[in-house]
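Trainee: prediction below, plus the sequence it came from.
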Amino acid sequence: MASVTLESVSVRFRGGAVGLDDVDLRAADGEFLALVGPSGSGKTTLLRSIAGFLRPAAGRIRIGDRVVADAGRADPPEARGLGMVFQQHAVWPHWNVGRNVEYPLRRAGVARAERRARVAETLELVGLAGAERRDPATLSGGQRQRIALARALVARPQVLLLDEALSALDEPLRDRLRLELHTLTRELGLTVIHVTHDRSEALALADRVAVLDAGRVQQIGAPEELLQAPGSPFVARFLQDATIVDGAVRAGTFRAEGHPLTAPCGPMSDGAARLAVTPDAVRVTPDAEGDASVRSALFAPGGSDLVIDWAGIAMRARSADRHRVGDRVRVRVEGARVFAGAAA
Amino acid sequence: MATADALTAGPATRRARGLPGADGVGAVTIALWIACGFFVLLPIAALAVLAGDGRQLGVLLQGDVVEAAVNSAVSAVSSALLAVALGTAFALLLDRTDVPGRRGLRLLALSPLLMPPFVGAIAWLGIAGPTSPVNLAWREAFGAPLWSIYGADGVILLLTIHSYPIVMLVVSAALKRIPSDLEQAARVSGAGPVRAVLGVTLPLLRPALLSSFVLVAVGNLADFGIPSIIGLPERYVTLATLVYRYLQSGTVDEPLAIVATIGIVVLVVALVGLLIDALVGRRGWELDASAAAPQPIPLHGARWPVGAAMWLVVLILTILPLVALLMQAILRAPGVPVTWENLTLDHLRTALTSETALTGAANSDMLAALAAVVCGALGLGIGVVVTRARSRATQGLAAVATLPQAVPGIVIAVAWLILAPRLGLFNTPWLILAAYVTSFTALVVQAVTAPLSATPSSAEEAARIAGAGRLRALVDISCRMALPAAAAGAVLVAVTAVRELTLSVLLLSPGSQTLGVAIFSFQQAGAFSTAAAWSLVVAVFGLAFVGLVTRRRS
Amino acid sequence: MKTLRRTLPLVAAGLTVAALAGCSSTAASPESSSEGEPSTLTVYTSEPQEKIDELVAAFGEQHPDIEVEVFRAGTGDLTTRIATEREAGEIQADVLLAADAATFEDYAADDLLAEYLPADVDALNPDVVDPEGFYVGTRIIPTVIAYNTTMIEEPPASWQDLTDPEYADQIVMPNPDVSGAAAYNAAVWATTPELGDAWLEALAKNAPVIADSNGPTSQAVATGAQPVGIVVDYLVRELAAQGSPIDVSYPSEGVPYVSQPAGILADTDEEEAAQAFVDFLVSEEGQQIAVEQSYLPVRSDVGTPEGAPSMDEIEILSPDLETVQGAQDAAVETFRDLFL
């Protein structure tokens, strides 16, 4: 088990596109770190750089104390002692389960008897005891993903990398596998870096979550921290579907631009600012003379998810009641964060 | 899941590889380039060098060569057009309508693919040659034969018969990729079934029609057996038979230089054809795959008549030649009427025990088997390296390996003929083997790249993470995964090589005849019944082989 | 996938077996051998395939230690191959058995042949033995007029008859570029005073079909495709014996004949084996096989084929060999211009 450290890592693609822009990141030994972000944000790039499939143009990557990549040289993937599970499991169809799982041990030169024992042990760990002779084509998607996991774990890697490992599975299966993954990796004390586009999954599983956008880490912290104290409008919007409103701060109050919304913001200097309103912070009451109307109302357990059209701004809200499209309502905002600076 | 105490013992030791694994892959790539260079680039270069200073271009403008070139062009293009028409009609009828007996028809209709073209020529001589029963009877009654197959019309007919199955295959594959939703949308909008097919499907098939046209035209341009057997008796000379004559009978000075020049010109023409295909045909449409199987168009009242007509045509094209071969092989003597007393198995017996033919068959088997192994290995290597280890170095490799498909067989044979003395291959069977490897590696490369390009790269990446170097990952994963496809390609190579004629007739040497050449020589020497007997054997074996393979698959 | 895994070794095994089988049965190693070891003799011949196979089989019984490899092609094709091999450095043939003496004279003049007179030379017809000893004839093969008996009632009786317009589009003859006999005949016709180039031109007006060699020619006549043909006599006899409606007409001016000589190439590594083969060809047994194959023999003690006249009964066109040899190239050229 080891920590993973990235120091000022930049990755450029052929053609000049920026993959990672001066990223600093540290996953502590035994920590479950989730990477989330929109498509193209660089989370997979980051993971693949740690794995060794991409070389950083600048910066340094360390696994434990060992430098595995810097501007001068980079260890190839096979020399980094990692385990990795891919989105399309990559269970090899031309070998049976046992040979799939024992492959890392063969590469490491482990003797046959010990290989067999460890494969059996690992398969039991993932809940597929005795499946050594099965043909992967006869297994379900979830079972194949467990095989891939077993293969990643059998050589006792320092770090486990998960590249959207659950994204190809359907929902109930994902849910179950998510739990098993969490339990197993905590039991083993593995350092896990988990890339996912599912933010609720990230928030649920991880010790810390890193939010990436455009190749940079926007914020990294424990899930509660990210929800309660988002560091930027982007994080608030990405993790919680907050509505961002542009405006200005004057004398301790935020006034929205061309809109009746105001909010107190504590000690802040005057100037352009943006307000992030999470759906939970929006109170909606039906009022035939309200100045807002319901644009869409989707059922959700415990109420409804609404999009309210309030004087030109589309605001997301949660309500405990059912509403109909077109209903006129009154809106009140309770608690919002103000961020200095204009929209980028 | 069980507890994991035992697993906390620490990571397995991995031998840290100091050198990047790319060296292994680089070395393999270089080796593959050397092989490709030797088998593909060297012969073409030899051809270019010999034709190089264009001295012989003047010869090309002489009457003989021009006439042969015109004949080649006309026969290739006409037969390609007819083959496309026939093949497309068959494909549409078999895949999109409810003609009765579709499965049997499909198998039968594809069977000319299994007969080498020159065997088909020999068979059709027995149906429509000047001495066939039909023509002889007609001559008795009317004083002149009904239709003699010799000459341009016969050559075009036979080329068509032997190439329409290729069109069928290409068009069928393209039809499968056209979702039936498009036709159904037309039907819902009010078009009748035939209209929907003609108006919607046919235009979408245009790229497939064009590529099959080019494929067939280039292939027919190079055919030797059919023009030789059917065209020469009426002095209908094509470039392939002209080259053969020049090389065999020394009717011109410096035959090699002249033939090399002809070869380069033919090569250029073929490449131009492929270029046109690439530019015009590749502009395909993006079609979302539809999961629904297309509804067959009911033919209603026309079902049985159309079915009967199709069955009749297909039987004439496929079974009748076999019967004709049988007749030729068991008739007691030429010119006697076909009655029970005049049938004998003696000729058959002598033919099948003929030393030369048996040696030829053994030779063909050996060369085909060796070619299959070499092409299989080479093709597997190239396919894997090109699809799974993309780099600037590998980019041209697949293109070079498949280039010979565009080169007519005679050109490849002439190129190797030129190289032979300089490489010490002259008069050895290994010359034919080299020509086979040049011509057929492309088959394996194509068989392998198709499944490999569809596999995600995570297959090798998982191996890399598990401790395998780049080359190791390629060998363990990609090569192993592609092995069945490579084996299928190798079998295809063996089957093609065992029955080919064009390459071996120019490259043969004493003691290394192939079966194709043996049959051809029998025909040329007038031993028609022997030629027919062996042709029958080849045809039957081909059919049996495919019957076996398709039975296993279904 | 399992089935594929199982069939793969089968396929590999099958291919290996095929390769090995092919390798062993063709053993095409032209290495020369020393005394006592099995040797391989390479024979280039224009004999029809089945006939040479029979000869080789019979020879093999007498000489089991000599393996004979036969390369069969028309005489024209053989000479081209020899020319190509000469250029490339080495002629592969040990023995040449081809149609006409003129070809052999050319080779003898170029010092390509080895002198050898077979053991039985005294029993042979002296006309066919080269006085300088470079080659010896093995069969007498006259070229005659053949006709289809069901289609022609009155056969042409002379070469001159063939120029009659009633035979337009009805004649078939072999190609001198391929058939040695045809090349020789072209020269003989060109140099025979009654015929010559004038006769060739008149014949060309009847547009005869030019088949590659004598085999297809005889087949065409037998099946009636072209009911009249100029072809070697033994083929007609064979087909008639099998029941085909074909018969011979001996032209009144006389028939040219070739003697299918056998010669040993000077470069050969297998001198002894080659000599044994030539001996066999003109031995009693070899000539008996020839008679069974419907050839006229070159010995008088083995009889003649059924239905064949003896040499004295027919007119022979037997011009001076040197004249013919000198005229052959020009005659073939004329033929090509007129007929092809």
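Mentor: Right, received. Where do you want to start?

Trainee: who touches stretch C:118-131?
Mentor: Applying Cβ atoms under 8 Å, 6 or more residues apart in numbering or on different chains, the external contacts of stretch C:118-131 come out as C:101, C:104, C:108, C:117, C:136-138, C:140, C:259, C:261, C:275, C:278-279, C:281-284, C:298-301, C:311, C:318. C-beta: built from backbone N, CA, C; applies to glycine.

Trainee: so how far is C:Pro38 from the residue in the stretch 51-200 of chain A positioned nearest to chain B?
Mentor: Nearest residue of the stretch 51-200 of chain A to chain B, counting by Cβ to the nearest Cβ: A:Arg107, 3.2 Å away. Per Cβ to Cβ, to the nearest Å, A:Arg107 is found 54 Å from C:Pro38.

Trainee: would you confirm that A:Ala263 contacts A:Val249?
Mentor: No: using Cβ atoms under 8 Å, A:Ala263 is not in contact with A:Val249; the gap is 9.7 Å.

Trainee: find residues that contact each of these two.
Mentor: With Cβ under 8 Å, 6+ apart, A:Ala263 and A:Val249 have common neighbours A:Val338.

Trainee: how many neighbours does B:Arg480 have?
Mentor: 15 (other Cβ atoms under 10 Å in any protein chain shown).

Trainee: average pLDDT for the helix or strand where it lies, rounded please.
Mentor: In this structure, B:Arg480 is located in helix B:480-498 according to DSSP states H and E. Mean pLDDT, helix B:480-498: 87.

Trainee: are the helix or strand just after that helix and chain C in contact anywhere?
Mentor: Using DSSP H and E, the helix or strand that follows helix B:480-498 towards the C-terminus is helix B:502-507. No: for helix B:502-507, no contact with chain C is found by Cβ under 8 Å from any Cβ of the partner chain; the gap never falls below 11.0 Å.

Trainee: from chain B, which residue is nearest to chain A?
Mentor: For chain B, Cβ to the nearest Cβ, closest residue to chain A: B:Gly467, 3.2 Å.

Trainee: just to revisit the earlier point, buried residues in the helix holding B:Arg480?
Mentor: B:481-498 (16 or more other Cβ atoms under 10 Å in any protein chain shown).

Trainee: can you tell me the SS state at the residue of the stretch 51-200 of chain C found nearest chain A?
Mentor: In the stretch 51-200 of chain C, the residue that lies nearest chain A is C:Glu69 (46.0 Å; Cβ to the nearest Cβ). Of the three states, C:Glu69 takes strand under DSSP: H, G, I helix; E, B strand; the rest coil.

Trainee: and for it, nearest residue in space, chain neighbours not counted?
Mentor: Computed as Cβ to Cβ, 6 or more residues apart in numbering or on different chains, the closest residue to C:Glu69 that is not its neighbour in sequence is B:Gly511, at 4.5 Å.

Trainee: check which helix or strand B:Arg195 maps to.
Mentor: Counting by DSSP H and E, B:Arg195 is found in helix B:193-196.

Trainee: quick one: low-confidence parts of chain C?
Mentor: Applying pLDDT under 70 to chain C flags residues C:1-37, C:311.

Trainee: just the strands in it please.
Mentor: Using DSSP state E, the strands of chain C run over C:39-45, C:66-72, C:95-97, C:113-114, C:135-137, C:141-148, C:171-174, C:209-211, C:228-232, C:246-249, C:255-258, C:261-265, C:316-317.

Trainee: which one of these is the most hemmed in?
Mentor: strand C:228-232 (a mean of 28; mean count of other Cβ atoms under 10 Å in any protein chain shown).

Trainee: quick check, that one touching chain B?
Mentor: No: if you take Cβ under 8 Å from any Cβ as the test, strand C:228-232 misses chain B, and the best it gets is 9.9 Å.

Trainee: list the neighbouring strands of that strand plus their orientation.
Mentor: strand C:141-148 (antiparallel), strand C:171-174 (parallel) (DSSP bridges).

Trainee: got TSV for those strands, with distance to B:Arg103 too?
Mentor: Converted to TSV, the strands paired with strand C:228-232 look like this (distance: least, Cβ to Cβ, whole Å):
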stretch	distance to B:Arg103
strand C:141-148	47
strand C:171-174	47
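
Trainee: tell me which of the ones you listed lies nearest to B:Leu548.
Mentor: When these are compared by Cβ to Cβ, strand C:171-174 sits nearest B:Leu548, at 43.5 Å.
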